[in-house]
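Participant: Predicted model follows, preceded by the sequence.
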Amino acid sequence: MSKTTTDFGIDSALKTLGVSATNLGTSTGSKFFASGEEIASYSPVDGKLIGKVKATTQEDYAKVMETATAAFQEWRTKPAPLRGEIVRQFGDKLREKKEALGKLVSYEMGKSYQEGLGEVQEMIDICDFAVGLSRQLHGLTMHSERPGHRMYEQYHPLGVVGIISAFNFPVAVWAWNTALAWICGDVCIWKPSEKTPMCGIACQNIAAEVFAANGLPEGICNLINGDHTVGEMMTKDTRVPLISATGSTRMGKIVAKEVAGRLGKSLLELGGNNAIIVTPDADIKMTVIGAVFGAVGTAGQRCTSTRRLIIHESIYDTVKDAVVKAYGQLRIGNPLDENNHVGPIIDTDAVKMYEAALAKVVKEGGTIVVEGGVLSGEGYESGCYVKPAIAEANNTFEIVQHETFAPILYLLKYSGDIHDALKLQNGVAQGLSSAVMTNNLREAEAFLSVQGSDCGIANVNIGTSGAEIGGAFGGEKETGGGRESGSDAWKVYMRRQTNTINYTTELPLAQGIKFDL
Ligand code: UN1
């Protein structure tokens with residue numbers, strides 16, 4: 001008998017998170033309302049209905065926007081360290097609810113419970129980071145060319161920030177954006193993926209509780225639900241100065257065009273096609289761990305998932321055999337059961353894309369080395385469990401050039417030196433994450449040099465996924481160019497103002513221009 005949700009504590013997790021089964025949807029703070037169509041959320045784990053939310057209508061959106069705009073007037077006047085204090089409390093609440101939220105992430109999205117917990121940990125980490133930042137929103141002081149003048153820059157909040165997030169990181173990516181936006185003095189409207197709406201409700205509940213406990217306005221945290229038409233309400237809205245969107249390159253191109261058309265700012269984190277280069281100097285044991293976790297973690301549905309292994313011909317067979325052997329040990333099944341490594345993919349549409357990709361790689365001349373396939377029978381009733389597959393392929397294959405959100409790893413062979421491997425690695429349209437496995441200093445430095453990886457993330461002796469929040473996260477080319485989370489990513493959530501103050505009784509002009517009256 002397969003275990004039930006009660007055995008895994010899902011019912012009690014939902015209770016802890018205040019997620020009831022129906023009629024939740026749009027929300028400003030803790031006030032839920034919505035009048036649109038129902039969106040049902042089915043778990044890919046067991047195919048069961050988790051709950052339903054109502055989609056946001058234009059009228060609902062108008063109400064949210066009005067509340068958010070009003071809340072911004074108040075929130076922006078709070079000193080940044082005080083805003084940091086609120087984010088600190090939010091991080092503490094997440095610590096309290098880590099297990100429950102990690103479970104819901106696992107159950108609604110399908111990633112392993114460990115990865116669900118990891119995702120909540122990313123939220124906690126970004127809160128800690130944001131709290132520190134709230135006392136460090138520094139601008140520069142410049143020396144004026146004019147005597148008796150002082151010149152400096154300061155950062156002010158932007159206003160209402162729109163966040164569109166994807167199903168694969170249903171809570172962490174929202175937190176990256178929102179924790180920074182909040183300490184910067186912005187208010188947020190979040191549209192989570194319509195595939196993971198319950199995670200949205202759970203996070204909204206946690207955040208709203210913190211704002212309410214501090215007597216702060218409802219509209220600092222807002223939630224809207226629905227498909228791309230709901231996202232469009234924000235992308236078209238001139239009252240939303242920044243749209244942060246995570247998802248496919250196809251979606252990002254639409255958002256970018258719409259937001260640029262009204263001269264708004266967009267922060268895009270889109271598709272990846274990430275490779276690990278394995279050189280003759282690689283540590284094979286480390287390579288196998290990095291590659292296998294990178295390819296099958298989150299069932300290959302991270303933006304940072306390893307999709308291509310670029311292996312030197314001299315060690316090709318050794319690496320291939322080691323990775324194939326490791327795949328033989330993978331246990332696929334209920335992600336809440338910690339004995340399993342790989343859970344389901346998000347839905348049956350994703351399963352179709354997975355099957356089509358495997359058929360295509362064969363059609364293009366590739367060779368399957370680890371067979372894929374959809375699992376059926378007890379425990380696999382949802383129809384969303386697939387076998388992680390490996391195919392030998394060519395970088396020029398159309399399917400290899402394309403990001404398929406599923407556990408499919410392509411093996412590519414290179415001869416020559418690191419620059420030949422880099423040509424393959426960089427020879428795709430996307431530019432998110434990259435890695436090299438080598439103990440050779442020259443290879444490592446070449447990989448990181450100006451002629452090296454063209455990606456936003458470049459790792460040495462680490463896989464492509466699992467970035468820490470402290471670094472700026474994002475990538476180049478079709479990945480969209482945005483940077484989220486750590487480093488100075490906060491700057492995009494603020495407007496920079498240059499201030500020059502004349503404390504003399506003269507009015508000298510810059511550039512020495514004479515203008516005597
Ligand atoms: C994503 O897939 O959109 O680096 C985010 C990682 C995670 C975040 C991935 N920390 O794999």
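Facilitator: Received, thanks.

Participant: Spell out which residues of the stretch 51-200 of the chain are next to the ligand.
Facilitator: 122, 168, 169, 173 (Cβ under 6 Å from any ligand atom). C-betas here are computed from N, CA, C, even on glycine.

Participant: same thing but 8 Å
Facilitator: Listed as neighbours of the ligand in the stretch 51-200 of the chain under the rule Cβ under 8 Å from any ligand atom: 118, 122, 166, 168, 169, 172, 173.

Participant: Tell me who's in contact with residue 80.
Facilitator: 134, 135, 137, 183, 184, 185 (Cβ atoms under 8 Å, 6 or more residues apart in numbering).

Participant: Tabulate those (TSV), appending secondary structure.
Facilitator: Shown next, in TSV, are these (DSSP: H, G, I helix; E, B strand; the rest coil):
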residue	secondary structure
134	coil
135	coil
137	coil
183	helix
184	coil
185	coil
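
Participant: JSON lines please, covering those and showing neighbour count.
Facilitator: Formatted as JSON lines, these follow (neighbours: other Cβ atoms under 10 Å):
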{"residue": "134", "neighbour count": "25"}
{"residue": "135", "neighbour count": "12"}
{"residue": "137", "neighbour count": "21"}
{"residue": "183", "neighbour count": "31"}
{"residue": "184", "neighbour count": "25"}
{"residue": "185", "neighbour count": "23"}
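
Participant: among these, which two are most distant?
Facilitator: Distance extremes for the contacts of residue 80: the farthest pair is 135 and 185 at 13.6 Å, using Cβ to Cβ.

Participant: Pick the one among the contacts of residue 80 closest to the ligand.
Facilitator: Distances from the ligand to the contacts of residue 80, taken as Cβ to the nearest ligand atom, are shortest for residue 183 (20.2 Å).

Participant: need the contact list for the nearest residue to residue 381 once chain neighbours are set aside.
Facilitator: Nearest non-adjacent residue to residue 381, counting by Cβ to Cβ, 6 or more residues apart in numbering: residue 47, 5.6 Å away. By Cβ under 8 Å, 6+ apart, the contact set of residue 47 is 381, 382, 383, 384.

Participant: And these, which of them are buried?
Facilitator: 382, 384 (16 or more other Cβ atoms under 10 Å).

Participant: and which of the contacts of residue 47 is nearest residue 316?
Facilitator: So of the contacts of residue 47, ranked by how close each gets to residue 316 (Cβ to Cβ), first place is residue 384, at 32.9 Å.

Participant: I'd guessed that closest one sits against residue 353; true?
Facilitator: No. Contact criterion Cβ atoms under 8 Å: residue 384 and residue 353 do not qualify, at 12.0 Å.

Participant: Domain parsing of the chain, as residue ranges.
Facilitator: 5-270+480-496, 274-473 (automatic domain parsing).

Participant: ends of the shortest one, how far apart?
Facilitator: Taking Cα to Cα, to the nearest Å as the measure, domain 274-473 stretches 14 Å from start to finish.

Participant: Show me where the stretch 51-200 of the chain has its helices.
Facilitator: Taking DSSP state H, counting those that start in this stretch, the helices of the stretch 51-200 of the chain run over residues 58-75, 80-96, 98-109, 113-133, 172-183, 197-213.

Participant: Minimum distance to residue 429: which of those has it?
Facilitator: Closest among these, using Cβ to Cβ: helix 172-183, at 21.8 Å.

Participant: Averaged pLDDT, the closest one. What do you get?
Facilitator: Mean pLDDT, computed over helix 172-183, is 98.

Participant: Kindly report the same for stretch 58-72.
Facilitator: On average, stretch 58-72 scores 98.

Participant: What are the contacting residues of it?
Facilitator: In contact with stretch 58-72 (Cβ under 8 Å, 6+ apart) are residues 25-26, 28-29, 33-36, 56, 157, 159-160, 186-189, 216-220, 222, 224, 230, 233, 237, 239.
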